[in-house]
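Q: Sequence first, predicted coordinates after that:
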Amino acid sequence: MEKHWKTVVGKSICDYFFEAQSKCANSEDVPPVIATPHHYLINIFRNSLYFVAVLTNEIAPLFVIEFLHRIMDVFEDYFGECTETSLKDNYVIVYELLDEMLDSGLPLATETNILKELIKPPNIFRKVANLVTGDNTNISNTLPSSQLSNIPWRRMGVKYTNNEAYFDLIEEIDAIIDRNGTTIMCEIQGYIDCCVKLSGMPDLTLSFVNPRLLDDVSFHPCVRLKKWESERVLSFIPPDGNFRLISYHIGSQNTISIPIYVKHNIQFREGSNGRFELTVGPKQTMGKTLESVVIECAMPKSVLNCTLTPTQGKSTFDPVKKNLVWDIGKIESNTQNTTRLPSLRGNIVLSTGQPIPESNPILNVRFTLNQIAISGIRVQRVDMHGEKYKPFKGVKYITTVKKGRFQIRT
Amino acid sequence: MAVAQLYYYVAPQSEIQIVAKSLLRLLRHHREIQTIILKSIVFIADKHKQIFEPYLKSFYVHSNDSSLVKRYKLEILTTLANASNISTILREFQTYVLSSDKDFAAHTIHAIGRCASTISDVTEACLNGLVALMSKKDETIVAESVVVIKKLLQINPSQYNEIIKHIVRMVDKVTVPIARASILWLIGEYSDRISKLAPDVLRKMAKSFVDEETIVKHQILNLAAKLYVVNAKQTHLLVQYVFNLAKYDTNYDTRDKARLLRALLIQTDKCPTLSKHAKKILLASKPAPILESIIRDHDLYTLGTLSFVIGQKAVGYKDLPDFPLEPPDPSVRNVEIVTPLPSQNVSSRKSSTTTGITSREKKKSVNDENFYSDKEEEEEEEEEETSTEGPDTDNEEEEDEEDEKEKTTQNDNDTNEYEQLDAQSTNNIEPEEEEEEEEEKDESSGSSEEEESEEEEDDDEESESDESADDEKLTPNQSSIVAKPSSTLTVSDYTIPATEKSLLEMDLEAFLGASSTSTNVQVAPVKNNIFDDLHGLESLTSTSSNLVYTKQYDCLNRITGQGLQIQYRFPRTPFQQSPNMIHVELIFTNTTTNKDIHSIKFYKSKSNINIQGFNQIDLLPSGVSIVTSIGIDFNDKTQPASFDILYDNNLIPTSLTILCHVGELIEQKFLNDQQFNQNLARLRGMNEIMDSVNVDEVQISKLNFNTIQTKILQCANMISVPSTSGDSTLFRFSGQTISSKSLVLLTIQLNMTQSKVHLTINSDQIVLATMLLKEIKQTFQSIL
């Protein structure tokens, strides 16, 4: 599908893109910016979909990329997922959204809160209603009020019967561990995602137990920066609904204890087989349970098959992609005796005739650790001013690993 | 990113540090963003290595990064490598070499080569590592390492005979053409070192000549020719054979090359002169290649633009203009500053009568130096003339006013005296740290209803005279009584030295060419006069009461300073060197009786606050005070500025802390009625805060324009807005923050019936406004 602003660009422009795409073996390797004789193509790749923007003029490419990602985010917000089928199902809304988001080539309304007032998100009831009435537009007749209010991220006159505010403090570990088990690199990327459903114009203040840990932060525009700088508290008038209040980054200078360890023993031997042994155990989890632990391992091309038996969970090997996945599930923190720790043992079958791989595969580990933020950050209190009622406030801590960001070299 | 761009191009060395962190944070985003950010980092790191060095580990490669990202990360690691971190980087590289992504591994080897060439300590280790790599099975890795080794050897060939021999033995195993070619070239170049092996290699090559790639054939020919020059006897036949093979090659380049070399070496009769020099030609010492980065040519384009990313000029791309060599016309900057400057009002007016003439003479003498601001200077003088001619009458009027004022203040002082005594008796119970401070505190806390700004000035005088009158201390009560009669005189006396100083400074400025600031001072009274004409009596009183308002604060007491006492105050005049800075006067007093203090100098500031204009004081004789002025950029925050000074050749710096009150962060900004309303409308909503104070009926009846203005001036440096409506219960003041020049608007509404005072502040800087409001509220409450 395509949509043009200002001037129409011929469809042949896509050929340049397809050409570049075909050159790359991996779908992620397409260069994000492609220059063609008259236009410049900027593309993003997410959920196995390419979004390509065509430019004619000099403009900061980050700006365009960010915008494309934002479009994707909005689609995800509207349709629950952003895949080929969901886009095909909602062609009309997609066009309507694009119309609102980009006006004559300039980004306009990109906040989902505002967009949702302009264009109603799809649901079954609306679909039925549309069919019956023959009315085919989802555009609401009124202008969104918040565009006129002086706080652009919040509309006036919000009302809820039960007022609640939830804060999810999510931390993602980004680490590389070498074969001896020493941590080469470890960083933490944290977010506070909020779901605020409060009436009126609440003014929230959130303070941390140890704000010193946060040194590199970026805020949602609603946070008053001066207050943060002077008092290290977050003071803000929240947008309505879900939003990311703050994201922060804790660099490799700070020492971070990693809550998991993996013992591994992978050997490829001459004569088309090899040994494979993995043991996973918790480490310094402060009594919490490691959940949904998954270990992935991209095997070298010469591996034909793996016959592995796990003591816990389920392991699968995809012989086409050479991908081994071991889904362990929960690991209790109190199982200190090594016999009960989950392990995976078995043989690897190599294809004959090919040289044995020189290097061992890299293990990608994923897990989540609830009720704890690995960096030790805790929310001290959340206060509300400006409104009379007493809201329900909840804070949740999650430590997790983004796909492919926690690697163990073997 | 845009900010990073700005920092990159504009920021001084010291401040660029901030960029690193935020760029690294962006690295956590989507793959596309990563790519572009990394590309920019490559570019920045090339210029400013030090800023990314602490974050080296963030650039370690994950196995699932996209190939572009990997390459850029590698590039950054290579750029950042230095003697101290090379070992970690090399260890990291070793794991990369083993990665399953062969392309990436090849790039890594290249990177190792670059590290080895830039850091001489590790060349040896790198070479050994590379040689070890050559025994690996994977061809691409081997080939790449051979190529890199070849380049490295070229840089420093003398020591590595062993390696060369090792490579020569490799020649049979290596199949990648470029690597074979490199090996052959090496053999040819250093054939004198391996004289036994070289002919043997040539023999082998001659056998397989037909099956080789073009590039290898060329190198075989080269090798043959070189060997022939060095060792003609042994290789004569072989060379002939190779040349003959080349003669019938399908590639014309090869044929050409063979023909050229044959002519050079063998057919000596045809061109005898040339063959004599054959050795020189073929075995000339070649300059070592510089191992360059793969991504190098982007210096041409502005960081972060589309053109930068694609490496070619996009439509509509504009280069950044160079920094202007000539400063732009300073008159552009003059427009904004229409504000009647509070204290300079008095001072410059006096200067026109007393020191004005001399200063003008001085100015003329330095006129020659003002090469670009001549015109400006002339205008300024014209303006000065008009100021003395035109509104002469005004001046007189005002002076009359002032006289009146002084009389009233004298009265005030009298009444004040008693009140203060009372306050003293009550406050005596409280524990006190220092007598002087206490005295000040008393006066401000027990501040009487009719307290005038001059009164405050008097205090300063007193305290200063106290100090200079040496250690023997009178009780505060006595001292104030003694000092009082002379205080009204000292007001006027005191301001004169200040003006002289400021004029001197102005001359200095003019000398330096920054005439814009000096014009301000001159223009101000003129404007002021015009404005007086326009706005009648009300505003007249307002300007005349804008006398120098100064409180003194201690920042180094004489005990900790070993006799050196430092106090500071805010003269509320703009800092001459930089309009964004708050002018702070430091008073250095040597309280010792017999010891001189030498060379007081500025060491460094601690809290990242910009401090300027600290001139070194060479000698401070005992019992003498010196006033210097510095500018501090508080950034519209009330965080104290702390900095270190050195004196008396002490090696340990003494730290000083200067606390800024919220009111001092604001300078006067004159707005007329219309402008005020416009800005007020703009600063509604989030930018507005309100409060009200309850006042009893007696008090509220006493509140008139004068009293309110004094109160406001006590807490903040704001100017009243002339009212056109004639509403006697509405008072408005305007000012702007000094650092960011954002407006601060204050509205005071008296509610006579409920005896309340409503205060409203509108400002962008809402934090500052809140503090200001609190302070103003307190002053209103304190009179009750």
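A: Perfect, thanks for sending it.
Q: Moving along the chain from the longest helix seen in chain A, name the first helix or strand you hit.
A: For chain A, the helix with the greatest residue count under DSSP state H is helix A:61-79. Read in the C-terminal direction, the helix or strand following helix A:61-79 is helix A:84-89, with elements assigned using DSSP states H and E.
Q: Who are the packing partners of that next one?
A: The criterion is 3 or more CB pairs under 8 Å, 6 or more residues apart in numbering or on different chains; DSSP states H and E, and the helices and strands that helix A:84-89 contacts are helix A:61-79. All C-beta atoms are positioned from the backbone trio N, CA, C, and that covers glycine.
Q: And the longest helix of chain A, what's buried?
A: By neighbour count with 16 or more other CB atoms under 10 Å in any protein chain shown, helix A:61-79 contains the buried residues A:61-62, A:64-69, A:71-72, A:74-79.
Q: And it, what does it pack against?
A: The contact analysis (3+ CB pairs under 8 Å, 6+ apart) places helix A:61-79 against strand A:40-46, strand A:49-55, helix A:84-89, helix A:91-101, helix A:112-118, helix B:31-47.
Q: which stretch in those has the least confidence?
A: Ranked by mean pLDDT, those end with helix A:112-118 at the bottom, a mean of 67.
Q: Where in chain A is the helix or strand with the lowest mean pLDDT?
A: In chain A, the helix or strand scored least confidently by mean pLDDT, DSSP states H and E is helix A:124-133, which has a mean of 60.
Q: Domains of chain A: list them as residue ranges, please.
A: Chain A is divided into the following domains under the TED database: A:11-133, A:164-255+A:373-405, A:260-370.
Q: For the longest one, what is the distance to the chain centroid?
A: Between the centre of domain A:164-255+A:373-405 and the centre of its chain there are 15 Å (CA atoms, centre = their mean, to the nearest Å).
Q: mean confidence score for it?
A: Along domain A:164-255+A:373-405, the predicted local confidence has a mean pLDDT of 79.
Q: Could you pull out the buried residues of stretch B:638-654?
A: In stretch B:638-654, residues buried by neighbour count (16+ other CB under 10 Å) are B:641-643, B:645-647, B:653-654.
Q: Nearest residue to A:Ala373 in space, please, no chain neighbours.
A: Counting by CB to CB, 6 or more residues apart in numbering or on different chains, A:Ala373 lies nearest to A:Tyr397, which is 4.5 Å off, once chain neighbours are set aside.
Q: For the one you found, which residues are in contact?
A: Shown here is A:Tyr397, whose contacts under the criterion CB atoms under 8 Å, 6 or more residues apart in numbering or on different chains are A:169, A:171, A:370-373, A:378.
Q: Using PyMOL, define a selection of the buried residues within those residues.
A: Paste this into PyMOL to select the buried members of the contacts of A:Tyr397, with burial taken from 16+ other CB under 10 Å:
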select buried, chain A and resi 169+171+372+373
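Q: so which of the contacts of A:Tyr397 comes closest to chain B?
A: Each of the contacts of A:Tyr397 was checked against chain B using CB to the nearest CB; the closest is A:Glu171, at 12.0 Å.
Q: to the chain's geometric centre, what's the distance from the strand ranked longest in chain A?
A: Secondary structure assigned by DSSP state E gives strand A:392-409 as the longest strand of chain A. From the chain centre to the centre of strand A:392-409 is a distance of 10 Å (CA atoms, centre = their mean).
Q: Neighbouring strands - and their directions - for it?
A: When sheet partners are counted by DSSP bridges, strand A:392-409 sits next to strand A:164-177 (parallel), strand A:362-370 (antiparallel).
Q: I'd like the mean pLDDT over the last one, please.
A: Think strand A:362-370. Model confidence over strand A:362-370 averages 82 on the pLDDT scale.
Q: That one: which residues count as buried?
A: A:362-367, A:369.
Q: quick one: which of those is nearest A:Thr83?
A: Minimum distance to A:Thr83 across the buried residues of strand A:362-370 is 21.9 Å, recorded for A:Arg366 (CB to CB).
Q: What's the separation between the closest one and B:Gln34?
A: Applying CB to CB, to the nearest Å, one obtains 20 Å for the distance of A:Arg366 from B:Gln34.
Q: Repeat that for B:Thr779.
A: Noted for B:Thr779: a distance of 55 Å to B:Gln34, by CB to CB.
Q: Mark out where each domain of chain B begins and ends.
A: Per the TED database, the structural domains of chain B span B:552-660, B:664-781.
Q: Can you confirm whether the shortest one lies near chain A?
A: Yes. Using CB under 8 Å from any CB of the partner chain, domain B:552-660 reaches chain A at B:637-639.
Q: which residue ranges form the strands in the stretch 301-410 of chain A?
A: In order along the chain, the stretch 301-410 of chain A carries the following strands (DSSP state E, counting those that start in this stretch): A:303-310, A:314-318, A:323-331, A:343-350, A:362-370, A:379-385, A:392-409.
Q: for those, which one ends up most surrounded?
A: Of the strands of the stretch 301-410 of chain A, the one with the most neighbours on average (mean count of other CB atoms under 10 Å in any protein chain shown) is strand A:362-370, at a mean of 21.
Q: Could you check the angle it makes with strand A:323-331?
A: Relative orientation of strand A:362-370 and strand A:323-331, computed by axes from the mean of the first three to the mean of the last three CA atoms, to 10 degrees: 30 degrees.
Q: what's near enough to touch the residue nearest to A:Thr316 when sequence neighbours are not counted?
A: Spatially, and ignoring its direct neighbours in sequence, A:Thr316 is nearest to A:Val325 (5.3 Å; CB to CB, 6+ apart). Shown in contact with A:Val325 (CB under 8 Å, 6+ apart): A:294-297, A:315-318.
Q: Could you single out the nearest of those to A:Gln21?
A: Using CB to CB, A:Asp318 comes nearest to A:Gln21 of those, at 23.6 Å.
Q: so the closest one bridges to which residues?
A: For A:Asp318, the residues forming beta bridges with it (DSSP bridges) are A:Asn323.
Q: Spatially, which two of the buried residues of strand A:362-370 are the most separated?
A: So, the buried residues of strand A:362-370 by CB to CB: farthest apart are A:Ile362 and A:Leu369, at 22.0 Å.
Q: what about B:Asp554, neighbour count?
A: The local packing count at B:Asp554 equals 17, with neighbours defined by other CB atoms under 10 Å in any protein chain shown.
Q: For it, give me the pLDDT.
A: In this prediction, B:Asp554 carries a pLDDT score of 73.
Q: State the distance from the nearest residue to it once chain neighbours are set aside to B:Ile712.
A: Taking CB to CB, 6+ apart, and ignoring the residues beside it in sequence, B:Asp554 has B:Gln567 as its nearest neighbour in space, at 5.4 Å. Taken as CB to CB, the spacing of B:Gln567 relative to B:Ile712 amounts to 25 Å.
Q: wait, what's in contact with the closest residue to B:Glu53 other than its chain neighbours?
A: Nearest-residue entry for B:Glu53: B:Leu80, 5.8 Å, with adjacent residues in sequence omitted and distances by CB to CB, 6+ apart. Remark: with contacts taken as CB under 8 Å, 6+ apart, B:Leu80 is in contact with B:45, B:49, B:52-53, B:56, B:59, B:89.
Q: Am I right that A:Tyr16 sits in a strand?
A: No. The assignment for A:Tyr16, made by DSSP: H, G, I helix; E, B strand; the rest coil, is helix rather than a strand.
Q: From A:Phe67, how far off is the closest residue in space to it that isn't next to it in sequence?
A: Closest residue to A:Tyr16 apart from its sequence neighbours, by CB to CB, 6+ apart: A:Thr36 at 4.4 Å. The gap separating A:Thr36 from A:Phe67 is 20 Å, by CB to CB.
Q: which parts of stretch B:675-690 are buried?
A: Residues B:676, B:679-680, B:683, B:687-689 are the ones in stretch B:675-690 that count as buried (16+ other CB under 10 Å).
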